[in-house]
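K.L.:
Below is the sequence, then the predicted model.
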Amino acid sequence: MTHILAIDQGTTSTRAILFDARMQAVGTAQKEFSQHFPQEGWVEHDAEEIWASVLKVCRDVMESQGVTPGQIAGIGITNQRETTVIWDRATGKPLGNAIVWQDRRTAGICERFRQAGCEDDISAQTGLLLDPYFSGTKVKWMLDTFPGARERATAGELLFGTIDSFLVWRLTGGRVHATDATNAARTLLFDIHQGVWSDEICDLLDVPAAMLPEVRDCASEFGHTTLFGGSIPILGVAGDQQAATMGQACFEPGMMKSTYGTGCFALLNTGTEPVESQNRLLTTIACQLGGQRTYALEGSIFIAGAAVQWLRDALRIIDDAAQSGELAAQSDPNQQVVLVPAFTGLGAPYWNPDCRGAIFGLTRNSGRAEIARAALESIAYQTRDLWQAMQGDWGSETDVILRVDGGMSASNWAMQGLADLLGAPVDRPVMQETTALGAAWLAGMQAGVYPDRAGFAETWALDRRFEPVMSAEKRDAAYARWQRAVQAAMAF
Ligand SMILES: Nc1ncnc2c1ncn2[C@@H]1O[C@H](COP(=O)(O)OP(=O)(O)O)[C@@H](O)[C@H]1O
Ligand SMILES: O=P(O)(O)OC[C@H](O)CO
């Protein structure tokens, strides 16, 4: 058995990547799927379409590489986190569309619990904040909205899961209803200190315990799938940002990665003790291996690569994402156009679900290039917000080098801009599919074919280091403009 199959179920596409015995990616298949925006601030996925995309990419990659199930030692699953599915235990059919992590429909529910004084207690247990981002209020909304759903969930007829859990259920033919600790940590229902579902929060949100998946280590047995013409064990599961943290080998306290996909998620490993943020960051589980939890501080930005998609799909000023850097490079350096990409509210450290996007500093000379530049710079400014918050929580005396990955990290222009606006070096690894690599590593380690943490960390290789070249004066002035722009957008 020479291969590991990683399934990376992301927000905009599903990928299957085959890794060989030396942890090299030897084949990839990818499929985009539909995004549904039924109302302002709502974002949904069709869980059946996601499932079909998973089957397709797995079959395609095995076929293209001529690899049979008998040659695959294990499957690792990694997924968009928080996105919520409820399905029927008997039929496996979803109750409705999945509510995506970006969806803001439960802002009112969050506000009601905040007014009732529940946020501190919820934060203390979960490490999260009362924001529609997390699964808990999405589950509540579904149970409140679909007639008879709560009664059926209480009777054990309906099951809840994040995407990993839904895929494990489907892949195992309904035999396993499980998730891993990193995905559980994003639900708002999980006590990250005790490593168990919180009865108190489940009662508060009226979520029946009978519908919750069993929580397992990231590398453990999640059953077998026989859907590809032979039996393959599922041996690894982790939320995509945590998988990327592992794929970047950020195993030591103080190591940090930032992934630029649809959104941007920066995780700083804080070791075996959770650190409570004083700067509106999240405390989360980075991984759980052998029953031992490692924690992280996380900064979550909702719009990163999605701003580039907006340039392509809504403004139509580029044909594909890679052109954004070329266009930005043509911009007039003397213009000071700032884009606040709060298309679905603002995440860390602002946590403002009602804020919407804004552009400042336009002149008659502002055009496509300046807008493209503002879009790419907005990702760097948002990372600096997180960077400062992390330094506040972790201590700024430590020299943290940021490891970057995700689709947008391919843009040299954006990564140089990031180093400039942070005033710190940015490291991009050779292997930029770190999310899939992390999931593959979990499964391969569990299968006994890949090395342990130390051996894996030695394989991390630098593609390019981006050193800051911008003057401190220019950097501070630019960042001050961004801060004013955010305040103005929130006041609008
Ligand atoms: N060369 C590039 N420059 C800027 N943005 C890019 C580039 N390539 C991809 N992207 C952006 O990266 C995102 C895709 O990254 P990916 O890691 O696949 O995301 P996800 O896992 O969220 O689906 C898209 O939003 C796309 O606009
Ligand atoms: O699909 P991505 O890569 O944008 O990641 C989504 C995150 O997991 C949401 O928390």
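P.N.:
That came in fine, so what should we check first? Ligands and ions are numbered 1, 2, ... in the order given.
K.L.:
Can you mark which positions in the longest strand anywhere in the chain are buried?
P.N.:
As assigned by DSSP state E, the longest strand anywhere in the chain is strand 292-301. Neighbour counts over strand 292-301 (16 or more other C-beta atoms under 10 Å) mark 293-301 as buried. For every residue, glycine as well, the C-beta is placed using N, CA and C.
K.L.:
Stretch 410-425 now?
P.N.:
Within stretch 410-425, the residues scored as buried using 16+ other C-beta under 10 Å are 411, 413-422, 424.
K.L.:
how close does the closest residue to Val215 other than its chain neighbours get to Ser135?
P.N.:
Computed as C-beta to C-beta, 6 or more residues apart in numbering, the closest residue to Val215 that is not its neighbour in sequence is Ala184, at 4.7 Å. According to C-beta to C-beta, to the nearest Å, Ala184 and Ser135 sit 9 Å apart.
K.L.:
With Phe190 instead?
P.N.:
Phe190 is 10 Å from Ser135, by C-beta to C-beta.
K.L.:
okay, those two: which has more neighbours?
P.N.:
Higher neighbour count among Phe190 and Ser135: Phe190, with 30 against 26, using other C-beta atoms under 10 Å.
K.L.:
Now do the same contact list for the more buried one.
P.N.:
Contact analysis of Phe190 by C-beta atoms under 8 Å, 6 or more residues apart in numbering lists 126, 181, 184, 196-198, 215.
K.L.:
now, which of those lie within strands?
P.N.:
Reading strands off these with DSSP E, I get 196-197, 215.
K.L.:
So what does Ser409 have for phi and psi?
P.N.:
The phi and psi torsions at Ser409 (degrees, to the nearest 10) take the values phi -70, psi -10.
K.L.:
Trp169: what secondary structure?
P.N.:
Under DSSP: H, G, I helix; E, B strand; the rest coil, Trp169 falls in the helix class.
K.L.:
Begin at 42 from now on, thanks
P.N.:
Will do, 42 is the new start, and the previous item becomes Trp210.
K.L.:
Surely Arg334 touches Asp221?
P.N.:
No: using C-beta atoms under 8 Å, Arg334 is not in contact with Asp221; the gap is 11.2 Å.
K.L.:
At which residues are the helices of the stretch 292-441 of the chain located?
P.N.:
346-354, 364-370, 409-435 (DSSP state H, counting those that start in this stretch).
K.L.:
what about the closest residue to Ile140 other than its chain neighbours, distance to Val278?
P.N.:
Spatially, and ignoring its direct neighbours in sequence, Ile140 is nearest to Lys179 (4.3 Å; C-beta to C-beta, 6+ apart). Distance, Lys179 to Val278, by C-beta to C-beta: 20 Å.
K.L.:
Just want to know which of the two has more residues nearby.
P.N.:
Between Lys179 and Val278, counting by other C-beta under 10 Å, Val278 is the more crowded of the two (33 against 27).
K.L.:
how's this structure carved up into domains?
P.N.:
44-281, 290-470+502-533 (automatic domain parsing).
K.L.:
Can you give me the first-to-last residue distance of the shortest one?
P.N.:
It refers to domain 290-470+502-533. Using C-alpha to C-alpha, to the nearest Å, the end-to-end distance of domain 290-470+502-533 comes to 42 Å.
K.L.:
near ligand 2, which residues of the protein show up?
P.N.:
With C-beta under 6 Å from any ligand atom as the criterion, the chain comes near ligand 2 at residues 51-52, 121-123, 142, 280-282, 302-304, 306.
K.L.:
Kindly present those as CSV, with separate columns for neighbour count.
P.N.:
Shown next, in CSV, are these (neighbours: other C-beta atoms under 10 Å):
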residue, neighbour count
Gly51, 21
Thr52, 22
Gln121, 26
Arg122, 26
Glu123, 26
Trp142, 26
Gly280, 33
Asp281, 30
Gln282, 29
Gly302, 24
Thr303, 26
Gly304, 24
Phe306, 29
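K.L.:
who are the neighbours in contact with Asp144?
P.N.:
Contacts of Asp144 by C-beta under 8 Å, 6+ apart are 82-85, 173, 179, 385.
K.L.:
contacting residues for the closest residue to ligand 1 within the stretch 42-191 of the chain?
P.N.:
Residue of the stretch 42-191 of the chain nearest ligand 1, by C-beta to the nearest ligand atom: Gly51 (2.9 Å). For Gly51, the contacting residues are 120-121, 281, 302-303, 476, by C-beta under 8 Å, 6+ apart.
K.L.:
Where does the most centrally placed residue in the chain fall, secondary structure wise?
P.N.:
Central residue of the chain (C-alpha atoms, centre = their mean): Gln282, 4.6 Å from the mean position. Using DSSP states H and E, Gln282 sits in helix 281-288.
K.L.:
can you dump the C-alpha coordinates of that helix into CSV?
P.N.:
Coordinates of the C-alpha atoms in helix 281-288 are reproduced here as CSV (Å, rounded to 0.1, in the frame of the first residue of the first chain):
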residue,chain,number,x,y,z
ASP,A,281,-8.8,22.8,6.9
GLN,A,282,-7.0,25.5,8.9
GLN,A,283,-5.7,23.1,11.4
ALA,A,284,-4.7,20.7,8.7
ALA,A,285,-2.7,23.6,7.1
THR,A,286,-1.1,24.3,10.4
MET,A,287,0.1,20.7,10.6
GLY,A,288,1.0,20.7,6.8
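K.L.:
what pLDDT does the nearest residue to Ser452 once chain neighbours are set aside get?
P.N.:
By the measure of C-beta to C-beta, 6+ apart, the closest residue to Ser452 outside its immediate chain neighbours is Gly366, 4.4 Å from it. The per-residue pLDDT reported for Gly366 equals 95.
K.L.:
Ala369 versus the most far-flung residue of the chain relative to its centre, what's the distance?
P.N.:
Centroid-distance maximum for the chain: Arg405 at 38.0 Å, with C-alpha atoms, centre = their mean. Applying C-beta to C-beta, the value for Arg405 to Ala369 is 20 Å.
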